[in-house]
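> 3D model of this:
(one chain, ligands or ions: 1)
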Amino acid sequence: MIRENLEQVKSRMTASLLRAGRPADAAELIAVSKTKPAELLMEAYAAGVRDFGENRVQELVDKYEQLPKDIRWHMIGHLQRNKVKYLIGRAALIHSVDSLRLAEEISREAVKRGAEMDILIEVNAAGEESKFGTGLREAAELVWAAAQLPGIHVKGLMTVAPLTDDPEKNRKYFRALRELSVDIANKKADNISMGILSMGMTGDYEVALEEGSTCVRVGTGIFGMRSAAEI
Ligand SMILES: *Cc1c(COP(=O)(O)O)cnc(C)c1O
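Model (predicted):
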């Protein structure tokens, strides 16, 4: 089941990229495995998946301990500063940096451990009250400020678009994020790369890829539905 789902997601990804005139390998797939048991992750692993996304620190750490060490773990959920220390050396990329205080904490913990941490700045592109992320207007400033800190590298931007039945409605947000990343990249500042644009989930990854996503985060489309209580 997981293998078939993966094949389907990958072929739809390729079709979207080609439709947009982009190379078929221009984007990577992160399998969002939050709430799913290790056995299911191992099924995806056996089918070739090496990038997994989790939204809770404890769950990421538990799975990190249990599963093969060549997995790249992506922290995609809201992150509290007191939990940052558990991610250093375990997470390959933190997608959800939405404040300077959080970036400072990541920097502090990375330096303390002699590590380097790659991060994305999370942008609340639609300005939804219920969502985390810095505003579109404040994002560039946060990128600059975070890039000054030792032990961390800003690799791009991330957004979670509104939940909708019509993915076309999210196109404008994906486009705005892409434009912002191009603006920031054009300024060519030290320690800032805008190579990663993490956008698109099960409901809207095809539109996100058409608008320049380099990294889609797909959970339901690979592992099936999560129960309502699990988010
Ligand atoms: C849960 C989650 C996803 C995956 O959502 P699906 O709709 O199941 O694909 C992607 N990104 C973030 C930040 C999430 O929390």
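> Other residues contacting stretch 161-176?
Contact with stretch 161-176 is made by 125-126, 128, 136, 159, 199-201, 203-204, 206-208, 210-213, as judged by CB atoms under 8 Å, 6 or more residues apart in numbering. For the C-beta atoms, the positions are set from N, CA and C on the backbone; glycine is no exception.
> Briefly note if it comes near the ligand.
No - Stretch 161-176 stays clear of the ligand (CB under 6 Å from any ligand atom), getting no nearer than 8.3 Å.
> Could you list the buried residues of that stretch?
Neighbour counts over stretch 161-176 (16 or more other CB atoms under 10 Å) mark 161, 167, 170-171, 173-176 as buried.
> Going by distance to Lys155, which of the residues you listed wins?
Lys155 lies nearest to Phe174 out of these, by CB to CB, at 18.0 Å.
> confidence score at the residue of the chain most remote from its centre?
Within the chain, the residue lying farthest from the chain centre (CA atoms, centre = their mean) is Lys112, at 24.8 Å. Confidence at Lys112, expressed as pLDDT, is 98.
> where's it relative to the ligand, distance?
27 Å (CB to the nearest ligand atom, to the nearest Å).
> what helix or strand is Leu209 on?
helix 205-210 (DSSP states H and E).
> That helix near the ligand at all?
No - on the criterion CB under 6 Å from any ligand atom, helix 205-210 is out of touch with the ligand, staying 7.7 Å away.
> Specify the next element, helix or strand, located C-terminal of that helix.
Next element after helix 205-210 (DSSP H and E): strand 215-218.
> Can you tell me the closest non-neighbouring residue to Ala115?
Leaving aside its chain neighbours, Ala115 sits nearest to Ile88 (5.1 Å; criterion: CB to CB, 6 or more residues apart in numbering).
> Show the residue spans covered by the strands in the chain.
28-32, 51-54, 72-75, 91-97, 117-122, 152-158, 192-198, 215-218 (DSSP state E).
> For those strands, give me JSON lines that also has mean neighbour count and distance to Ala15.
JSON lines is the format used below for the strands of the chain (neighbours: other CB atoms under 10 Å; distance: least, CB to CB, whole Å):
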{"stretch": "strand 28-32", "mean neighbour count": "23", "distance to Ala15": "14"}
{"stretch": "strand 51-54", "mean neighbour count": "23", "distance to Ala15": "20"}
{"stretch": "strand 72-75", "mean neighbour count": "22", "distance to Ala15": "24"}
{"stretch": "strand 91-97", "mean neighbour count": "24", "distance to Ala15": "25"}
{"stretch": "strand 117-122", "mean neighbour count": "26", "distance to Ala15": "26"}
{"stretch": "strand 152-158", "mean neighbour count": "24", "distance to Ala15": "23"}
{"stretch": "strand 192-198", "mean neighbour count": "21", "distance to Ala15": "19"}
{"stretch": "strand 215-218", "mean neighbour count": "25", "distance to Ala15": "13"}
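> Reformat the ones you listed as CSV; add mean pLDDT and distance to the ligand.
Listed next are these as CSV, based on pLDDT from 0 to 100; distance: least, CB to the nearest ligand atom, whole Å:
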stretch, mean pLDDT, distance to the ligand
strand 28-32, 98, 4
strand 51-54, 98, 6
strand 72-75, 98, 9
strand 91-97, 98, 7
strand 117-122, 98, 8
strand 152-158, 98, 8
strand 192-198, 97, 8
strand 215-218, 98, 4
